[in-house]
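# Pasting the sequence and the predicted coordinates here, then a few questions.
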Amino acid sequence: MSRKIIKSKTYLYDEKIETIAEVPEKELELLPLNKDLKIIGKKIPRVDAEEKVTGTAVYTFDKSFTNIAYGKTLRSPHPFAKIESIDTSKAEKLKGVLKILTYKNAPDIGWYGSYSKLLDQTVRYEGDEVAFIVAETEAIAEKAMSLIDVKYKELDFVTDTLEAIKDNAPKIYEDSNIPKTRGHAHYSRGNFEEGIKNADVVIERDYTTQVAIHNPTEPHGSVVKWEDDQLIVWDSTQGVFSIRDTIANSLNMPESKVRVIKEYMGGGFGAKLEAGKYSVMAAIASKEIKRPVKVILDRKAMNLAVGNRPDSHQKIKAGAKKDGTLTAMGLTNYGTMGAYPAGAGAHWPLRSLYKCDNIETNEYRVFTNTGRARPFRAPGHVQGTFALESILDDLAEKIDMDPLEFRIKNFTPIDQDSKRPYTSKKLIEAYKMGAKAINWESRKPAGASDGIVKRGLGFASQIWWGGGSPPAYATVKMNRDGSVQVLCGTQDLGTGTYTIISQITAEVLEIPIDTIDVLIGDTQATPYAPSSGGSTTAPSISPAVYDAALQMKAKLIASASAVLDIPGKELTYSNGKIFETKNESNSITNPKLIRKMRERVLIATGARNQNTDKYAINTFGVQFADVEVNTLTGKVKVNKIVAAHDIGRTLNRLTLENQFHGGIIMGLSFALMDERVIDEYTGKVLTTNYHDYKMPTIKETPEIEVIIVSENDPLVSATGVKGIGEPAMIPTPGAIANAVYNAIGVRINSLPITPDKILTALNSRG
Ligand code: MOS
C-alpha cells in the first residue's frame, strides 16, 4: 500500500513533461496475459450500452433545471473587422431576454494568451465571438441576436496560408503572419546535405493537406449553475480538471469552488481538450441572473469556431541508396493556426518512424483570418504520415524495390533522438500479418490494372506515443452487499472508459461486472486523472484501477485473516470469497466480512506507476488499403482496410474494434472527403453543415480487419496497455493514397483525393 513521490517524465512531441506524482512504492505484480483472464481482453459489451441506445444516458444537452435559461453566441460574419459600435438596446427590450454580454460590459479576461479577450473589439475570423445572449428560450435568444446592431469596420483579410506569408499580405497582428516567437521550429540531426549527396536517387515533391473539422456527433456545450459561491459546470469535455482550472482562473475563483462534471459524451477528437469561451460567458451571465444557463453550440458554430486540423504545405526532399538505405530526408512545412496561436506542425513521422541519419526540418505556423486550429486526432501525424509514406513509395519504385521491403530495410529498433530502445516495436510482425491479410502478393505494378475500374493496394505505417503516465489515481469502494464503486477523475469520450474500468475491477475482485458502478468525470467526487488526450486514457488509468483493486483484495484478505484467525498466507481469495486454502469450508464472503468488521464501506486507493526512463514508449502499426478507382468518374472506393498494430494489451476486443473502425473511417474521410472550404473573396466558410461538409456514411465504409500483434507491453505498466485512439487513424490516408497510386499510376499529392483531382491527373497524362 505504500507510496512514494517521484518526478515522472513523459514524452509528447518535443516536450519532456515532468510532473510530480505519487506512485506505488513497489512495482505491481504483472497482470497475466489475456489468455489466462476471464473478462479483460474479451468482447465485453459496453456497460452503458443500454442507457445509450434507450436514450436515458444524460449528455450535457439533456441536463436541465426548471428555471434554466439559454445562451447563444453572436458571431462575426466577417473574417476580419473592428467593431465600431454595438447597440444592444433593441434586443434588451425583447421580452424574455435576460442578459447580453459584449466587449463593453464583459469582464476583461485574456484569452489565447494575450491575443484576445473573452469578448474582444476586434474579430479575426468568421465565427469569432461578438456577443453572448441569455434568454428564456433559444428562440428568443436567436431573435435577440438579430436585433443587436453591430457596426463593423471591415479590414483587409487573408484566409489562405500561402497568401498569408507573402510580404504584402494583410497582417492579423502587428508584423508578420509568422509570429516571431514559436512561429518557426527547426529540427536536425546528422547532415542533410551530405546525406543527399550520398544518395543514388533523390526525389523532391510538394504535398498538401486540407483543413479538416472535428465535427464530433455531440456538439460542444455547457450547463452552468451557481450554488451559493460554488459554480457547477456540466461540460462536454475531454478533461474535467483542466476545464475546472481554466474556468476558475478566468473568473478569478479558487479551483475548489468550481466543480466540473462530465457524464456521457459523443466524441471530442481533440476539440474538447480546452475550455470554451461559452462556458465562462454562461457562468458570468448565470451569476447575474441567478439562474442556471445552458449553452449548446449549433452545427454552424461547430464548423466555424471550435477548432480544426490545420492544413499542411509540405516540401519533402529524400534520398536513398540503391540497396534501399535512406540517406537523408528534409521537410519544409507551412500550416495555419487560424487567427490565434495553435499547433500546426507535421514533421514527426518523418523524424521518427524510419531509420535515417540525416534529417532536417523547418516548420512555420501561420496566422490567417480563419477559425483557430486545435489538436485533432494525432495532430501533425496524419498529415505528415501521408506525405512521408507517399514519397517513400516513390523512392522504392525508383530503386525498383518492393515498398514493404524498403520499409523493413529502414526499420529502427531505437528512438533516434534519445537512442533508447522501444519498450516494444513489433512492426515487422505487423507488416507480415497485414500483408498476408490484404494479399499483398497479388499487388500489380502501378497502373497495371486493366479496365475502367482499376484496383490498387497500398500501405502506410504509424508511430505515436500513447503510453500514458502518472499522476493518475483511482479509488475502489466496497459496500456491505459486496458491490463496488470505482472513482476516477477520467472521462469517457464515447470510447468505453466506463467499461474498461468495470472489467479490470471485475477481473481482480472476481465479482460480477454488473455489481460495479463507475463514477468518473467529476472534479469534486473523484481522485485526479489526466485529460483524455494523446491516446493516454486507458494506459494512464488502467494501472491505477488495477492497483486499487489489488489493494482492495489485499485488504479483504488481511481482514479475513483477523476475523477467521488464520494467517493471511494460508487464505485464498476467489470469486468474492476468502477461504482457508486447505479447508475450503472455512470461509467468509466479502459482504459477511465487511459486516463482521462493523464497517459499511471499505476503501482502497490505487496509483499509476512511474514510467521507465530506459526505454522509449511508442505505439506502432501498419494499415493496408485495397481500393478501386473509376477512371471515368474519378471516384475512389475503398474495399478493405487491414490494420495491424502493436498497441500493448487489448482490454476489450469489442471497444478496441470500435475505436479502430472510428479511426479508419475518419482517416478515409481525410483521404477522400473532409475539407473546410473558404470562399477567398468573402473569407466565409462554405461548409458549415453536414450536407456541405462531406463525411463518410455506411455507404463509403469499407470492410475493416483489425489485427493486434502485441499481447501486452509490460515495460509500460502492470497492465501493459497503450492507447489506440490516434494510432487507429494515423496511417489510413497514406495507405489509401498509395493504393490509389498503385491503381492508376498517377500520384495525387494533395488531400482530399476527390474525383476532380483524379480526372485532372489522368487527363494530364493523356
Ligand atoms: Mo487528442 S487530439 O490528444 O484528443
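Arrived safely.

# Sticking with the closest residue to the ligand within the chain, tell me its helix or strand.
Relative to the ligand, the nearest point of the chain is G270 (2.5 Å; Cβ to the nearest ligand atom). The C-beta positions use only the backbone N, C-alpha and C, and glycine is treated the same way. For G270, there is no helix or strand it lies in under DSSP states H and E.

# Torsion angles phi and psi at the closest residue to Q503 other than its chain neighbours?
In this structure, Q503 finds its nearest non-sequential neighbour in I39, 4.9 Å apart by Cβ to Cβ, 6 or more residues apart in numbering. The main-chain torsion angles of I39 are listed as degrees, to the nearest 10 and equal phi -120, psi -40.

# got a list of what I39 touches?
By Cβ atoms under 8 Å, 6 or more residues apart in numbering, I39 lies in contact with Q503, A506, E507, I513.

# Also T336?
T161, A164, V211, P310, D311, A344, R365, V366, F367, T368, T370, A373 are the contacts of T336 under Cβ under 8 Å, 6+ apart.

# which SS state does Y741 fall under?
Under DSSP: H, G, I helix; E, B strand; the rest coil, Y741 falls in the helix class.

# That one: what's its closest spatial neighbour, skipping adjacent residues?
R747 (5.3 Å).

# top of the contacts of I39 by neighbour count?
Among the contacts of I39, Q503 has the most neighbours (other Cβ atoms under 10 Å), with 26 neighbours.

# Which of the three states applies to that residue?
Put simply, Q503 is helix when judged by three-state DSSP.

# Distance of it relative to D481?
Separation of Q503 from D481 (Cβ to Cβ, to the nearest Å) stands at 21 Å.

# what about stretch 394-409, how long is it end to end?
One end of stretch 394-409 to the other measures 15 Å (Cα to Cα, to the nearest Å).

# ok, back up a step: of all the contacts of I39, which two lie farthest apart?
E507 and I513 (9.2 Å; Cβ to Cβ).

# related to what we said a few turns ago, between the contacts of I39, which sits nearest Q238?
Nearest to Q238 among the contacts of I39, with distances taken as Cβ to Cβ, is Q503, at 21.6 Å.

# before we move on, the earlier item: out of the contacts of T336, which are inside strands?
R365, V366, F367 (DSSP state E).

# For stretch 611-620, which residues meet the burial criterion?
Using 16 or more other Cβ atoms under 10 Å as the test for burial, stretch 611-620 gives N611, Y615, A616, I617, N618, T619, F620.

# Quick one: mean pLDDT for that stretch?
Mean pLDDT, stretch 611-620: 94.

# Show me what it is in contact with.
8-11, 352, 414-415, 418, 420-423, 425-427, 430, 461-467, 469-470, 535, 645-648, 713, 715-716, 722-724, 727.

# Mind checking which of those residues are in helices?
Counted as lying in helices by DSSP state H, out of those, are S352, L427, A430.

# how about the residues of this structure near the ligand?
Q238, G268, F269, G270, L273, P375, F376, R377, P379, G533, G534 (Cβ under 6 Å from any ligand atom).

# Let's have those in a markdown table, adding secondary structure.
As requested, the residues of the chain next to the ligand are exported to a markdown table (three-state DSSP):
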| residue | secondary structure |
| --- | --- |
| Q238 | coil |
| G268 | coil |
| F269 | coil |
| G270 | coil |
| L273 | coil |
| P375 | coil |
| F376 | coil |
| R377 | coil |
| P379 | coil |
| G533 | coil |
| G534 | coil |
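
# most surrounded residue in those?
Busiest of the residues of the chain next to the ligand [other Cβ under 10 Å] is G268, holding 31 neighbours.

# quick one: it from S236, how far?
7 Å.

# With G662 instead?
17 Å.

# Could you chop the chain up by domain?
24-57+468-607, 379-464+614-681+710-765 (automatic domain parsing).

# Please work out which of these is packed deepest.
For the domains of the chain, average neighbour numbers computed from mean count of other Cβ atoms under 10 Å are highest in domain 379-464+614-681+710-765, which has a mean of 22.

# Distance from it to the middle of the chain?
18 Å (Cα atoms, centre = their mean, to the nearest Å).

# Quote the end-to-end distance of it.
As for domain 379-464+614-681+710-765, its first-to-last residue distance stands at 34 Å under the measure Cα to Cα.

# what's the answer for stretch 365-373, then?
Terminal residues of stretch 365-373 lie 11 Å apart, using Cα to Cα.

# For it, buried residues please.
Within stretch 365-373, the residues that qualify as buried are R365, V366, F367, T368, N369, T370, G371, R372, A373, counting by 16+ other Cβ under 10 Å.

# Can you give me the distance of the fourth one to A169?
Just to be clear, that refers to T368. In this view, T368 and A169 are 9 Å apart by Cβ to Cβ.

# so what's in contact with these two at the same time?
With Cβ under 8 Å, 6+ apart, T368 and A169 have common neighbours V158, N177.

# Need the mean per-residue confidence for stretch 76-84.
Here the average pLDDT along stretch 76-84 is 98.

# That stretch: how far from the chain's middle?
The answer for stretch 76-84 is 32 Å, by Cα atoms, centre = their mean.

# what's the pLDDT at M1?
On the pLDDT scale, M1 is placed at 60.

# before we move on, what about I20?
85.

# Can you name the residues bridging to it?
In this entry, I20 is beta-bridged to K7, by DSSP bridges.

# for the chain, which helix is longest?
Counting residues, the longest helix found in the chain (DSSP H) is helix 537-564.

# which helices and strands does that one pack with?
Helices and strands touching helix 537-564, by 3 or more Cβ pairs under 8 Å, 6 or more residues apart in numbering; DSSP states H and E, are strand 473-479, strand 484-488, helix 497-509, strand 571-574, strand 577-580, strand 583-589, helix 590-596, strand 601-607.

# Of all those, which one is nearest T697?
It's helix 497-509; of those, that one is closest to T697 (Cβ to Cβ) at 26.3 Å.

# where's that closest one relative to the chain centroid, distance-wise?
The answer for helix 497-509 is 23 Å, by Cα atoms, centre = their mean.

# between it and helix 537-564, how many degrees?
Taking axes from the mean of the first three to the mean of the last three Cα atoms, to 10 degrees, one finds that helix 497-509 is oriented at 30 degrees with respect to helix 537-564.

# Quickly run through the sheet partners of the helix or strand that helix 497-509 is followed by, with directions.
Note on helix 497-509: by DSSP H and E, the next helix or strand toward the C-terminus is strand 516-520. Here strand 516-520 is paired, per DSSP bridges, with strand 484-488 (parallel).

# Now do the partner strand: distance to the chain's middle.
In terms of Cα atoms, centre = their mean, the gap separating the centre of strand 484-488 from the centre of its chain is 25 Å.

# Would you mind writing the CA trace of it as CSV?
The C-alpha coordinates for strand 484-488 follow below in CSV (Å, rounded to 0.1, in the frame of the first residue of the first chain):
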residue,chain,number,x,y,z
VAL,A,484,-18.2,-1.9,-5.7
GLN,A,485,-17.9,1.7,-6.8
VAL,A,486,-14.8,2.8,-8.7
LEU,A,487,-14.0,6.5,-8.7
CYS,A,488,-11.5,8.0,-11.1
